[in-house]
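Novice: build me a model:
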Amino acid sequence: MTAIESLPAYREAEVAAKRRGENLGSLIDAFLAGYARGAATNSLAATPQPGDTVLRDEADWRMLRDEMHGEKL
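Specialist: Residues are numbered from 1 along each chain as shown. This is a model prediction of the structure:
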């Protein structure tokens, strides 16, 4: 156990993550990776643009996949 893991706030966050079926370590890693990526770009580039692909549901994902592969899988 690290010093951070022994803090009450960390333990509370870990319990909350487990309740949601998540792994707190993975969530922290993903946050840090996104934070580092965001620091390398300007805020406008990270903002969704009108031409960006938006996947709202499974049907949107299937349509994009079919367009990318040129066939229905």
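Novice: so what pLDDT did the residue nearest the centre of the chain get?
Specialist: Centroid check for the chain by C-alpha atoms, centre = their mean gives residue 30 as the closest residue, at 6.3 Å. pLDDT, residue 30: 80.
Novice: now it: how far from residue 17?
Specialist: From residue 30 over to residue 17 the distance is 12 Å, taken as C-beta to C-beta, to the nearest Å. Bear in mind the C-beta positions are built from the backbone N, C-alpha and C, glycine included.
Novice: try residue 7
Specialist: 15 Å.
Novice: neighbour-wise, which of those two wins?
Specialist: Between residue 7 and residue 17, counted using other C-beta atoms under 10 Å, the more crowded position is residue 17 (16 against 11).
Novice: next helix or strand past the lowest-mean-pLDDT helix or strand in the chain?
Specialist: Least confident helix or strand, the chain: helix 43-46 with a mean of 58, by mean pLDDT, DSSP states H and E. Remark: after helix 43-46, the chain's next helix or strand is helix 58-69, criterion DSSP states H and E.
Novice: that next one: how far from the chain's middle?
Specialist: Here the centre of helix 58-69 is set off from its chain's centre by 20 Å, with C-alpha atoms, centre = their mean, to the nearest Å.
Novice: quick check: mean pLDDT of it?
Specialist: Mean pLDDT, helix 58-69: 78.
Novice: and if you look at stretch 16-24?
Specialist: 88.
Novice: straight-line length of that stretch, end to end?
Specialist: Taking C-alpha to C-alpha, to the nearest Å, stretch 16-24 runs 9 Å from one end to the other.
Novice: got a list of contacts for it?
Specialist: 10, 13-14, 27 (C-beta atoms under 8 Å, 6 or more residues apart in numbering).
Novice: lovely, talk soon.
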